[in-house]
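> got a structure for you, letters missing:
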C-alpha cells in the first residue's frame with residue numbers, strides 16, 4: 001500500500017458489513033496475539049447500541065472503532081471505546097491517533113464527558129497510544145476477562161473545541 005492514510009472517516013451502523021468485517025479481523029488478530037487466544041461469541045462481536053467509525057481508503061477498510069454509553073461510576077456521562085483496530089498496513093501513520101480523537105469527538109457529540117477503555121498488555125502499541133493521548137490508568141471498571149489495563153480520559157471542557165466539521169466528515 002503506497003499511502004495507508006484513509007481517504008475518509010465515516011460513521012456506520014453496527015450491522016454494516018464493513019464494521020462487522022473489520023471487527024472480525026480485529027478479533028482474529030487478538031486470537032493470534034493473546035497467549036491463550038481470544039474468543040468472542042457472534043452476538044458480542046459488535047454492540048447494537050454502539051456508534052461506529054470506519055477509516056476508509058476508497059472502499060478498503062483501514063480501521064474501525066466504536067463508542068457506547070457506559071454508566072458513569074462517578075455520575076459523569078461516560079462512553080467506552082470498543083473494538084478499536086487499525087489494519088497492520090496502516091499502523092505507524094497516525095491513523096490510530098486520528099481514529100481515537102474522532103471517537104472522543106463522537107463521544108462528546110453524544111453527550112458524554114468522560115471516556116473509558118480497556119486493553120490487554122500484549123497490545124503494547126495500544127497502551128502507548130492511550131498514554132500519549134492523555135488517558136490515565138484507572139481501576140478495573142468491568143469484568144472483561146482479557147482486559148489487564150484500564151484507562152479513562154476526562155472530556156469535560158472539550159465540547160465545542162473540536163473543528164466545526166467533525167473529523168469523520170472532514171476528510
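Perfect, thanks for sending it. Here the structure is a predicted model, which is why all the values come from computation and not from measurement.

> which non-adjacent residue is nearest residue 138?
Residue nearest to residue 138 in three dimensions, not counting chain neighbours: residue 152, with 4.6 Å by CB to CB, 6 or more residues apart in numbering. All C-beta atoms are positioned from the backbone trio N, CA, C, and that covers glycine.

> Tell me who's in contact with residue 85.
Under the criterion of CB atoms under 8 Å, 6 or more residues apart in numbering, the neighbours of residue 85 are 22-23, 25-26, 29, 63-65.

> sec struct for residue 26, please.
Under DSSP: H, G, I helix; E, B strand; the rest coil, the three-state class of residue 26 is helix.

> The closest residue to it other than its chain neighbours: which element?
The spatial neighbour of residue 26 that comes closest, neighbours along the chain excluded (CB to CB, 6+ apart), is residue 85 at 3.6 Å. For residue 85, the enclosing helix or strand under DSSP states H and E is strand 78-86.

> what's downstream of that strand, the next helix or strand?
Next helix or strand after strand 78-86 toward the C-terminus (DSSP H and E): helix 95-109.

> And residue 66, how far from residue 58?
Going from residue 66 to residue 58 by CB to CB, to the nearest Å gives 22 Å.

> Compare the two (neighbour count), which wins?
Applying other CB atoms under 10 Å to residue 66 and residue 58 shows that residue 66 carries more neighbours, namely 23 against 7.

> Name the strands paired with the strand ranked longest in the chain and say parallel or antiparallel.
For the chain, the longest strand by residue count, based on DSSP state E, is strand 60-70. Sheet pairing of strand 60-70 (DSSP bridges) gives strand 51-57 (antiparallel), strand 78-86 (antiparallel).
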